[in-house]
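> What would the 3D arrangement of this be:
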Amino acid sequence: MHDVPTRDAAMAGRWYPRSTSDLTNEIDRYLRAARTTRLTTVTAIIAPHAGLMYSGPVAAYAYQELEDRDFDLAVLVGPAHAGGFDGVALWPRGQFASPLGGALIDAEAADRIAEYAPAVRTLEGAHLREHSLEMQLPFLKRVAPDATILPLLMGWQTRETADALTAALVAAVSGRRAVLIASTDLSHYEDAGRAAELDAVVIHHVERFDSEGLQEALSRNPHHACGGGPAVAVMRAAWALGARDSIVHRYADSGDVSGDKSSVVGYLAAALGLK
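Just a heads-up that it's a prediction; the model follows:
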């Protein structure tokens, strides 16, 4: 696509296979293993974003919720790991590259959210090396290959930014066939026992669809989740859009793959909608 602003696939060949066939086979294997009860309608999912071999088997439980669903816009909301900034960074035009094909930016949704919320601003530099949204694309391209995306990175994860983003998400997808995707890992580099304790707090609030409880827990200890702010905003927006039920499909940690339980990262897959 000539002269289309393209965000390169920075993690390809590092965090997941660069080969189209190898990546397809790995994603499909995880999806086949993740068959489980689904919501009747799904408004949002919560999925992890680590290296594919570690978090992919968990993420698949969230993405199987999106197979054969009627949506054409995926709003990706994740944390910015590389550096803090005020508000939310938007990549407004073009595409995100992927070994499974480019994911086109939804210009209509980008214009709408930027016009509605001053906290959302074009900041392409924040996206260039960030993995939290890129790690969603292999799954998204398998379950909804033609869906457009709206890529959003939260900077400083304050309550005020989460509140502003909640309202902006609702405005951006109103009247659209859209799904919201919150990208977050849970606790980092604790031993598995301590990680399970920290992660149980997040799981508790997600299971109960309690975004305010999650916000309060994160305000006390932000180390519960690296993408806690995006998860809060997506949960609140999903509720405003009519979701009333939450399912936590899977929890695991990196030690389940590496065998090292002395220092793990926690992973969660959940879906929000109607049973």
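
> Which strands and helices lie in contact with the strand of greatest length in the chain?
The longest strand of the chain (DSSP state E) is strand 264-274. Applying 3 or more C-beta pairs under 8 Å, 6 or more residues apart in numbering; DSSP states H and E, we find strand 264-274 packed against strand 41-47, helix 52-63, strand 188-190, helix 192-207, helix 228-240, strand 245-253. Quick note: C-beta positions are derived from backbone N, CA and C, even for glycine.

> List the residues that contact the residue nearest in space to the middle of the chain.
With the centre of the chain defined as its mean C-alpha position, the nearest residue by C-alpha atoms, centre = their mean is Ser183, 2.3 Å away. By C-beta atoms under 8 Å, 6 or more residues apart in numbering, Ser183 lies in contact with 47-49, 76-79, 132-133, 135-136, 227, 230.

> now it, which residues is it bridged with?
Per DSSP bridges, the residues bridged to Ser183 are Ala47.

> Return the distance of it relative to Val232.
13 Å (C-beta to C-beta, to the nearest Å).

> How about Ile46?
11 Å.

> and what of Gly175?
For Gly175, the distance to Val232 - C-beta to C-beta - is 24 Å.

> try Ser187
16 Å.

> go on, Tyr116?
Applying C-beta to C-beta to Tyr116 and Val232 gives a distance of 19 Å.

> Kindly report the same for Ala178.
Counting by C-beta to C-beta - Ala178 and Val232 are separated by 19 Å.

> Settle it for me: which of the two has more neighbours?
Val232 (30 against 23; other C-beta atoms under 10 Å).

> residues touching that one, list them.
162, 166, 211, 214-215, 218 are the contacts of Val232 under C-beta under 8 Å, 6+ apart.

> Equivalent analysis for Leu268, please.
Leu268 neighbours (C-beta under 8 Å, 6+ apart): 46, 48, 58, 184, 186, 199, 202-203, 206, 248, 250-251.

> bridging residues for it?
Tyr251.

> how far away is it from Ala50?
Distance from Leu268 to Ala50, by C-beta to C-beta: 12 Å.

> Please tell me which one of the contacts of Ser183 counts the most neighbours.
Ala47 (33 neighbours).

> surely that residue meets Ala182?
Yes. The pair Ala47 / Ala182 is scored as a contact, 7.4 Å apart, by C-beta atoms under 8 Å.

> Spatially, and excluding backbone neighbours, which residue is closest to Asp106.
Thr148 (3.7 Å; C-beta to C-beta, 6 or more residues apart in numbering).

> my read: the one you found touches Phe96, true?
No. Contact between Thr148 and Phe96 fails when scored by C-beta under 8 Å: they sit 10.4 Å apart.

> shared neighbours of those two, which are they?
103, 105.

> Tell me how far Arg177 lies from Tyr63.
17 Å.

> Between those two, which is the more surrounded one?
Tyr63 (25 against 11).

> and that one, what does it touch?
31, 34, 45, 47, 139-140, 142-143.

> Of those - the most surrounded one?
Counting by other C-beta under 10 Å, top hit in these: Ala47 with 33 neighbours.

> Restricted to helices, list the contacts of Val232.
162, 166, 211, 214-215, 218 (DSSP state H).

> Now neighbour count too, for those residues, in TSV please.
Shown next, in TSV, are the ones in helices among the contacts of Val232 (neighbours: other C-beta atoms under 10 Å):
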residue	neighbour count
Ala162	25
Thr166	21
Ser211	22
Leu214	25
Gln215	22
Leu218	22
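
> Could you work out the most separated pair of those residues?
Thr166 and Leu218 (14.4 Å; C-beta to C-beta).
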